[in-house]
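Student: Make a model of this:
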Amino acid sequence: MYGTGMLQSPKLKYLILLPALLLLFLVSISSARAERPFPKPKGLVNDFANVIPPAYKQKIAAVTGALLQQTGIPVVVVTMPDIGGAEYNDYANRLYKAWGIGKKGEDKGVLIFVTMKERKMRIETGYGVEGILPDGLVGEIRDRYMTPYLKQNKFGEGLLAGASAVAQVIAKASGIELSGQMPQKAAQKQSGFSFLPILIILIIVMLISKRRGGSWFFFLALLFGLGGGGGRGSGYSSG
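Tutor: Residues are numbered from 1 along each chain as shown. I've put the predicted structure just below:
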């Protein structure tokens with residue numbers, strides 16, 4: 001009875017929980033310290049990773065500066081060497097808020113964010129521009145204008161193309177014209193993919209299903225299922 005009473009003692013329970021709570025506290029502190037703190041903004045182009053050549057910095061600043069002057073909507077470009085293991089979507093979202101991008105009460109602004117070590121990028125938009133920059137369009141700008149360049153480590157080209165594409169969309173919606181045209185979509189590398197093996201497999205599956213009285217539609221749906229092309233953030237791999 002004495003031993004049972006000791007196990008049920010509140011003091012003993014607290015002593016058992018204390019090391020676990022202390023460990024959890026130390027882990028949370030370690031995680032907080034690992035995350036790179038937000039730097040101070042330097043303007044519309046913030047190349048903290050030093051990956052944008054000077055000529056491209058000037059071009060990006062010219063496009064985004066003209067848009068800001070005529071519409072009051074900032075498009076801010078940020079590169080970071082790393083974010084200390086933080087989740088990149090959350091980090092970009094909090095950075096957007098911490099810097100106060102977009103006028104208070106209107107929330108019209110765009111953050112184009114790239115982190116080098118994690119090889120991640122995100123286009124963060126304020127609520128005030130989500131109507132003209134929905135997820136699908138943002139995903140298209142990211143995938144067709146930026147990611148192919150980023151995969152080749154051509155950060156100047158990719159960020160200029162992305163910022164220009166975003167600026168042109170906002171300008172058109174605002175009823176103004178910016179100097180310059182919509183940037184060209186980046187050339188995609190040919191993968192050498194052949195449709196013939198899939199066609200052969202599909203014919204074989206159809207024949208087998210027909211003999212067994214089954215349906216091949218489910219397999220077809222899995223093989224050619226539609227995938228969402230939207231989204232604001234993604235990873236990219238080196239070319």
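
Student: quick one: the helices in this structure?
Tutor: 2-7, 10-34, 54-71, 88-99, 135-140, 147-151, 155-174, 196-212, 217-223 (DSSP state H).

Student: mean confidence score for the shortest one?
Tutor: In this model, helix 147-151 has a mean pLDDT of 97.

Student: again, but for the last one
Tutor: For helix 217-223, the per-residue pLDDT values average out at 46.

Student: Next, count neighbours for residue 154.
Tutor: Applying other Cβ atoms under 10 Å, we find 19 residues neighbouring residue 154. Yep, even glycine has a C-beta here, placed from its N, CA and C like the rest.

Student: Can you give me the pLDDT of the nearest residue to residue 39 once chain neighbours are set aside?
Tutor: Nearest residue to residue 39, sequence neighbours excluded (Cβ to Cβ, 6 or more residues apart in numbering): residue 48, at 5.7 Å. What the model reports as pLDDT for residue 48 is 98.

Student: For residue 154, see how far away residue 52 is.
Tutor: 10 Å (Cβ to Cβ, to the nearest Å).

Student: Just name the shakiest helix or strand of the protein by mean pLDDT.
Tutor: Least confident helix or strand of the chain, by mean pLDDT, DSSP states H and E, is helix 2-7 with a mean of 44.

Student: circling back to that earlier point, hmm, residue 82 and the residue nearest to residue 39 touching each other?
Tutor: No. Using Cβ atoms under 8 Å, residue 48 is not in contact with residue 82, being 10.0 Å away.

Student: Check whether residue 83 really touches residue 36, as I assumed.
Tutor: Yes. Counting by Cβ under 8 Å, residue 83 touches residue 36, with 5.2 Å between them.

Student: So those two - more neighbours on which side?
Tutor: residue 83 (22 against 16).

Student: The more buried one: what's it in contact with?
Tutor: Counting by Cβ atoms under 8 Å, 6 or more residues apart in numbering, residue 83 touches 35-36, 91, 115, 117-118.

Student: try residue 94
Tutor: residue 38 are the contacts of residue 94 under Cβ under 8 Å, 6+ apart.

Student: Need the pLDDT of it.
Tutor: The model's pLDDT for residue 94 equals 97.

Student: Buried ones in stretch 164-184, by neighbour count?
Tutor: For stretch 164-184, the neighbour count (16 or more other Cβ atoms under 10 Å) marks 164-171, 174, 178, 183 as buried.

Student: Need the max-distance pair from those.
Tutor: Farthest apart among the buried residues of stretch 164-184 by Cβ to Cβ are 174 and 183. That separation is 18.5 Å.
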